[in-house]
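[1] No letters, just coordinates:
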């Protein structure tokens, strides 16, 4: 008669609370792990892009997801997910983390020295300073880039010009 039976509803409630407590712990651990991964990825990217911090986008060096993943020992897909839809505030403004990943172009010394962003900036600069009555052709841009140490094909110049929203020479001509 002194033996009290446990109410089955109390047991169910305890099990439910234990389950929810474990789920919260797992969620908090996941968030903590994600935060640590993002920190490591951004720290590595900034270390690899020191020139960017000094010069802005013109100092951007070629860097791929693979470069960062090899540095950290993470899979490329982890780097991709960690940097997707994320931004970083620097003295040069707010930048997408994905903007730091650029393909490298081989310079005159046969070493990957420039990012595609840098070459696009050179193309924009040449076009901004061109004679509006006689705009530079893509082939003329190739020669100018060559003089500045950038070895780029005419097709690449055309592609980059289009990517930055600049029309071809015939459409830029002013009378």
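    Good, I have the coordinates. Just so it is clear, the model here is predicted, and its values are computed rather than measured.
[2] what ranges of the chain fall below the confidence cut-off?
    Along the chain, segments meeting pLDDT under 70 span 1-6, 104-113.
[3] Output the longest helix belonging to it.
    With secondary structure taken from DSSP state H, the chain has its longest helix at helix 8-48.
[4] Strands of this protein, start to end?
    87-90, 93-96, 104-106, 112-115 (DSSP state E).
[5] was I right about residue 60 contacting residue 120?
    No - applying CB atoms under 8 Å, one finds residue 60 not in contact with residue 120, separated by 10.5 Å. (Glycine included, C-beta is placed from N, CA and C.)
[6] So which residue is smack in the middle of the protein?
    With distances taken as CA atoms, centre = their mean, residue 98 lies nearest the centre of the chain, 1.9 Å away.
[7] My read is that that one contacts residue 83, right?
    Yes - using CB under 8 Å, residue 98 is in contact with residue 83, at 5.7 Å.
[8] In terms of neighbours, single out the busier of residue 60 and residue 120.
    In this view residue 60 and residue 120 are compared by other CB atoms under 10 Å, and residue 60 has more residues nearby, 22 against 19.
[9] What spatial separation is found between the closest residue to the more buried one other than its chain neighbours and residue 69?
    Excluding its sequence neighbours, the residue lying closest to residue 60 (CB to CB, 6 or more residues apart in numbering) is residue 115, at 4.5 Å. From residue 115 across to residue 69, the span is 18 Å (CB to CB, to the nearest Å).
[10] Compare those two (neighbour count), which wins?
    For residue 115 versus residue 69, the count of surrounding residues by other CB under 10 Å is larger for residue 115: 24 against 18.
[11] List the beta-bridge partners for that one.
    Beta bridges link residue 115 to residue 104, judged by DSSP bridges.
[12] Tell me how far it lies from residue 126.
    Residue 115 is 17 Å from residue 126, by CB to CB.
[13] Residue 39 too?
    40 Å.
[14] what does residue 90 give?
    With CB to CB as the criterion, residue 90 and residue 126 are 27 Å apart.
[15] Tell me which of those two has more neighbours.
    Taking neighbours as other CB under 10 Å, residue 90 and residue 126 compare with residue 126 leading, 17 against 12.
[16] Name the nearest residue to residue 170, ignoring sequence neighbours.
    Among residues not flanking residue 170 along the chain, residue 135 sits closest, at 8.0 Å (CB to CB, 6+ apart).
[17] give me the number of residues near the one you found?
    Counted with other CB under 10 Å, residue 135 comes out at 19.
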